[in-house]
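Visitor: Predicted structure and sequence below. I'll ask about it afterward.
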Amino acid sequence: GPRSPANGSGGARLFAAVVDTFLEKLVAAGSYQRFANCYRCFYDLQPQLTRSIYDQFVSQLQASIQEEIQEVKNEGNLERLFDSLDKIVEEAKEREEPAWRPSGIPEEDMRSALLPHLLKHRSHLRRLLRDRQQDNSKVAQCVLAGRDRIAELQQLIQDRQQAWQ
């Protein structure tokens with residue numbers, strides 16, 4: 001099931017904290033005092049009712065914003081993306097070599113990105129070539145042994161043919 005921000009991934013927790021901070025600052029910016037000043041006539045007549053209306057407004061505003069944010073998270077599949085991002089961060093912590101960064105010179109960037117792969121491929125091809133050469137050498141020895149055996153058999157046939165005549 002979906003994770004709650006308390007036990008979610010690092011990215012999800014950070015996102016939830018940002019949303020909470022945003023809501024706190026939004027409520028602080030729309031303080032009760034400002035609300036009462038905007039509705040001064042109503043406040044003067046019914047201060048307790050004005051406070052109640054303000055509290056309901058803030059509560060509904062927060063709920064509405066949280067629903068919208070949840071919809072955005074669901075539509076964008078943000079939980080999965082946060083998990084994926086967390087995995088990338090964890091894998092990066094285990095790497096000993098720094099991550100590749102572009103230099104701004106396309107030729108050098110291509111060379112630095114492709115060279116390790118090409119060297120690995122060359123090494124693999126050399127290993128295959130060495131294996132094939134060894135196989136060919138064994139086959140050549142077998143062929144030579146077969147030729148020697150054929151020569152022996154031909155000589156034996158000639159010797160017996162001469163003996164028979």
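Guide: Right, received. Where do you want to start? Here the structure is a predicted model, which means the values were calculated and not measured. Numbering: from 1, shown residues only.

Visitor: in which helix or strand would I find the residue nearest the centre of the chain?
Guide: Note on the chain: the residue nearest the mean C-alpha position is I88, at 5.4 Å, using Cα atoms, centre = their mean. Per DSSP states H and E: I88 is located in helix 78-94.

Visitor: According to the record, where do the domains of this structure fall?
Guide: 10-93, 136-164 (the TED database).

Visitor: What mean pLDDT does the longest helix along the chain get?
Guide: Ranked by number of residues, the top helix in the chain under DSSP state H is helix 106-164. Per-residue pLDDT over helix 106-164 has a mean of 94.

Visitor: Run through the residues that contact the residue nearest to P47 when sequence neighbours are not counted.
Guide: Distance criterion Cβ to Cβ, 6 or more residues apart in numbering; nearest residue to P47, sequence neighbours excluded, is A36 at 7.7 Å. To be clear about C-beta, it is placed using only N, CA and C from the backbone, and glycine gets the same treatment. Taking Cβ atoms under 8 Å, 6 or more residues apart in numbering as the contact definition, A36 lies against Y43, P47, T50, Y54.

Visitor: In three-state terms, how would R101 be classified?
Guide: coil (DSSP: H, G, I helix; E, B strand; the rest coil).

Visitor: number of nearby residues for the closest residue to D86 other than its chain neighbours?
Guide: Distances taken as Cβ to Cβ, 6+ apart place S9 nearest to D86, at 4.4 Å, with adjacent residues excluded. The tally of other residues near S9 (other Cβ atoms under 10 Å) stands at 20.

Visitor: how far away is S9 from R130?
Guide: Distance, S9 to R130, using Cβ to Cβ, to the nearest Å: 47 Å.

Visitor: Same question for A163.
Guide: Here A163 is placed at a distance of 49 Å from R130 (Cβ to Cβ).
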